[in-house]
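Novice: Pasted the sequence and its predicted model underneath.
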Amino acid sequence: MREIPSELIAQTVERLFWEANYILPPDMISLLRKGEKEETSPEARAVLESILENAALAAEGEYPLCQDCGMAAVFVDLGQEILITGDSLEAAATEGVRRAYDKGYLRKSIVGEPLFERKNTGDNTPALLRVRIVPGDKIKITAAPKGAGSENMSALTMLSPAAGAGGVEEFVVDTVRKAGPNPCPPIVVGVGVGSNFEGVADLAKRALLRPEGEINPHPQYSALEDRLLHRINGLGIGAAGYGGTVTALGVKVEWAPTHIASLPVAVSICCHANRHSAAVI
Ligand code: SF4
């Protein structure tokens, strides 16, 4: 077994949330530049220019990319040959989030209890931990802060298998249409297909992490992504809802085995601030 002290995990999580909140990943910058070139609406193009300028200023001055510094989702691929010493993985991740949001002057946006009291926890904790046990003696940590504007536009449905690929397409496009300008377009759309009720939402979220340029290895899902991107950009929502041709910068679909009587579909919409940063220990 390889031992990893929980303090190292806490320090890594802290660093990753700083990076994610200040520096937009290079693939997102490239997509925004491409969108800026292709956009036909002058108003929407001006919005894309402002988004790019904002990203440059944020990286230069270490300012948050957006005032909503998000809920702190932490995706962990944990090698099964690792022994974490000290605190638990959850406690270490939460400590990393606490330090990052405190020292980095990032907005604290989490309420401890969601319905009655809704009191801010004051430090953006807890970390929202998603763990997969994988072979090996490494641990991959991905910090993915996500704001509520786009998170609130998420949707999930349990289709009949007879709905097929056409039914999936309709649900995804309809979800984006209904979202309109609320998720701060241009957006990235993560889609999950298969698994079960809770599993399909996880697939949609993980789909958002796939870097641009990494082609879906399944040709039919890859073609589905292309069709969805084309249809979504035909909706005419555009950057900040100003119309035009660039509503989505990318569509990523992840799938998993499911029940013979099920066709779960989840849509996770992320705004242009599709923030994530990863490290391997
Ligand atoms: S949806 Fe994204 S860009 Fe819009 S306010 Fe939320 S985090 Fe910021």
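Specialist: Looks like it came in fine.

Novice: what residues does the chain put near the ligand?
Specialist: For the chain, the residues found near the ligand under the criterion CB under 6 Å from any ligand atom are 66, 68, 147, 149, 150, 183, 184, 271, 273. Where C-beta positions appear, they are placed from N, C-alpha and C, glycine not excepted.

Novice: redo that, cut-off 5 Å
Specialist: 66, 68, 147, 149, 150, 184, 271, 273 (CB under 5 Å from any ligand atom).

Novice: From residue 54, how far off is the second one?
Specialist: To tie it back to what came earlier, the one meant is residue 68. According to CB to CB, to the nearest Å, residue 68 and residue 54 sit 13 Å apart.

Novice: which residue ranges form the strands in the stretch 101-250 of the chain?
Specialist: Assigned strands in the stretch 101-250 of the chain, in chain order: 128-134, 139-146, 155-159, 187-195, 248-258 (criterion: DSSP state E, counting those that start in this stretch).

Novice: just to revisit the earlier point, check the residues of the chain next to the ligand for burial and list the buried ones.
Specialist: Neighbour-count burial (16 or more other CB atoms under 10 Å) applied to the residues of the chain next to the ligand gives 66, 68, 147, 149, 150, 184, 271, 273.

Novice: Quick check: pLDDT value at the spatially closest residue to the fifth one that is not a sequence neighbour.
Specialist: The reference is to residue 150. Distances taken as CB to CB, 6 or more residues apart in numbering place residue 183 nearest to residue 150, at 3.7 Å, with adjacent residues excluded. pLDDT recorded at residue 183 is 97.

Novice: ditto for residue 270
Specialist: As predicted, residue 270 sits at a pLDDT of 97.

Novice: for residue 212, same thing?
Specialist: So, for residue 212, pLDDT stands at 84.

Novice: Just confirm it contacts residue 33, I think it does.
Specialist: No: counting by CB atoms under 8 Å, residue 212 stays clear of residue 33, with 11.6 Å between them.

Novice: Name the residue in these two with the higher neighbour count.
Specialist: Using other CB atoms under 10 Å, the more surrounded residue of residue 212 and residue 33 is residue 212, with 17 against 12.

Novice: sorry, back to before: so which of the strands of the stretch 101-250 of the chain is nearest residue 62?
Specialist: Residue 62 lies closest to strand 139-146 among those, at 15.1 Å (CB to CB).

Novice: Let me see the ranges of the helices in the chain.
Specialist: Here the chain has its helices, by DSSP state H, at 6-22, 26-38, 42-61, 89-103, 148-151, 164-179, 197-207, 219-233.

Novice: can you name the two of the buried ones among the residues of the chain next to the ligand that are farthest apart?
Specialist: The distance between the two most remote of those (CB to CB) is 10.4 Å, for 66 and 150.

Novice: list residues touching both of these two?
Specialist: Listed as contacting both residue 66 and residue 150 by CB atoms under 8 Å, 6 or more residues apart in numbering are residue 271.

Novice: Which one of the helices of the chain lies nearest to residue 109?
Specialist: Here helix 148-151 is closest among the helices of the chain (CB to CB), at 7.2 Å.

Novice: Can I get the helices of the chain in CSV including distance to residue 119?
Specialist: Output for the helices of the chain, formatted as CSV (distance: least, CB to CB, whole Å):
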stretch, distance to residue 119
helix 6-22, 22
helix 26-38, 34
helix 42-61, 29
helix 89-103, 16
helix 148-151, 17
helix 164-179, 29
helix 197-207, 26
helix 219-233, 38
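
Novice: Including distance to residue 77 and mean pLDDT, could those go into a markdown table?
Specialist: A markdown table is the format used below for the helices of the chain (distance: least, CB to CB, whole Å; pLDDT from 0 to 100):
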| stretch | distance to residue 77 | mean pLDDT |
| --- | --- | --- |
| helix 6-22 | 13 | 97 |
| helix 26-38 | 20 | 95 |
| helix 42-61 | 27 | 96 |
| helix 89-103 | 12 | 98 |
| helix 148-151 | 23 | 96 |
| helix 164-179 | 27 | 98 |
| helix 197-207 | 11 | 97 |
| helix 219-233 | 22 | 98 |
